[in-house]
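Q: mind folding the following:
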Amino acid sequence: MRSAPVVAFVGSRSLSPRFAPQVAGALSSFLPSHRIAVGCCIGLDEMVLAGLTGAGLADRLAVFAAFGPAGAGACAASAVGAVAAAAAAGARLRLWSGGGPAVPLRARLSRRSAAVVRAAAAGGPGSGLVAFLASPASVGSLAACRLAARSGLPVVAWSCGFPGPPPLLGAGGRWVPAQPAGFWSDAWAWDPDLEVQLPTPPTREMEKRDADNRTTGYQHFLPLAPHYPQEERTRYHIKPQYGTEWLQLKHRR
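A: Next up is the predicted model:
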């Protein structure tokens, strides 16, 4: 039986409790069909941990902790109690997920966040990342978003307490409204707008095979990319196919 897709939840340690309804709404969009990967800190992580544990859904959680047993190596921003409660209720817990006690705390937290993203990247079709950013300077959460985007995952982010979209995740992409209406309309989806480089020039054999399609441009090379959906094949920008229903992005125009 194929395992369920994984959605990574990342966000600021300073996230205000007034955004708890948005966090709960986002979680409910994916449960019980998805698994949730999350870290071990106060703020967003603790909201996710407490929310799913309280709802009896801790078994859908994969918790990545930057500390060890009984909170060894934890810091003031660690949600040791919430992590322990989730684990006791059935969550999968990975201690020292950012490295052992010899690794400096800042590095451990960074590597822990990377482990959360990798869990989603390994989740297969339907997986992705959702971020709740308390400010455009949420360095760790934005780094997780960038890693997810580079890994080919869909990324959706909420700007919590500041106007407009989050900072760009890289060149050649942009933030677009996640949905035109409804719950996700206040969130932003990252549109990488990647351009696919198709091989050139076509061989004589390929030209014969394409005799019925003699228009100029990329259409000549479509037989080399049969996996692209038919409606995408005549576009100059062909986006990666994520295999998920919860994020539908449009091409830049």
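Q: per-residue pLDDT, Ala122?
A: For Ala122, the pLDDT comes out at 96.
Q: ignore what I typed, I meant Gly217.
A: 35.
Q: same check on Gly170?
A: The predicted local confidence for Gly170 is 85.
Q: so it, which state does it fall into?
A: Under DSSP: H, G, I helix; E, B strand; the rest coil, Gly170 falls in the coil class.
Q: correct me if wrong: it contacts Leu147.
A: No - applying Cβ atoms under 8 Å, one finds Gly170 not in contact with Leu147, separated by 10.8 Å. C-beta coordinates here come from the backbone N, C-alpha and C atoms, glycine included.
Q: now the helices for the chain?
A: For the chain, the helices defined by DSSP state H occupy 20-30, 44-54, 80-88, 105-121, 139-150, 204-209.
Q: JSON lines for those, including distance to Trp184?
A: As requested, those are arranged in JSON lines below (distance: least, Cβ to Cβ, whole Å):
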{"stretch": "helix 20-30", "distance to Trp184": "8"}
{"stretch": "helix 44-54", "distance to Trp184": "17"}
{"stretch": "helix 80-88", "distance to Trp184": "26"}
{"stretch": "helix 105-121", "distance to Trp184": "18"}
{"stretch": "helix 139-150", "distance to Trp184": "16"}
{"stretch": "helix 204-209", "distance to Trp184": "42"}
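Q: which of those helices is buried the deepest?
A: helix 44-54 (a mean of 23; mean count of other Cβ atoms under 10 Å).
Q: what would that one look like as PDB? C-alpha coordinates only.
A: Extracted in PDB, the C-alpha atoms of helix 44-54 (Å, rounded to 0.1, in the frame of the first residue of the first chain):
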ATOM      1  CA  LEU A  44       4.000  27.400  14.700                       C
ATOM      2  CA  ASP A  45       5.400  24.100  15.600                       C
ATOM      3  CA  GLU A  46       3.700  24.000  19.000                       C
ATOM      4  CA  MET A  47       0.400  25.000  17.500                       C
ATOM      5  CA  VAL A  48       0.600  22.100  15.100                       C
ATOM      6  CA  LEU A  49       1.700  19.700  17.800                       C
ATOM      7  CA  ALA A  50      -1.000  20.800  20.300                       C
ATOM      8  CA  GLY A  51      -3.700  20.900  17.600                       C
ATOM      9  CA  LEU A  52      -3.300  17.400  16.300                       C
ATOM     10  CA  THR A  53      -2.600  15.900  19.700                       C
ATOM     11  CA  GLY A  54      -5.700  17.400  21.100                       C
END
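Q: give me the angle between that helix and helix 139-150.
A: If you take axes from the mean of the first three to the mean of the last three Cα atoms, to 10 degrees, helix 44-54 sits at 80 degrees to helix 139-150.
Q: which elements pack onto helix 44-54?
A: Helices and strands touching helix 44-54, by 3 or more Cβ pairs under 8 Å, 6 or more residues apart in numbering; DSSP states H and E, are strand 6-11, helix 20-30, strand 35-38, strand 61-64, helix 80-88.
Q: off-centre distance for that helix?
A: Centre-to-centre, helix 44-54 and its host chain are 18 Å apart (Cα atoms, centre = their mean, to the nearest Å).
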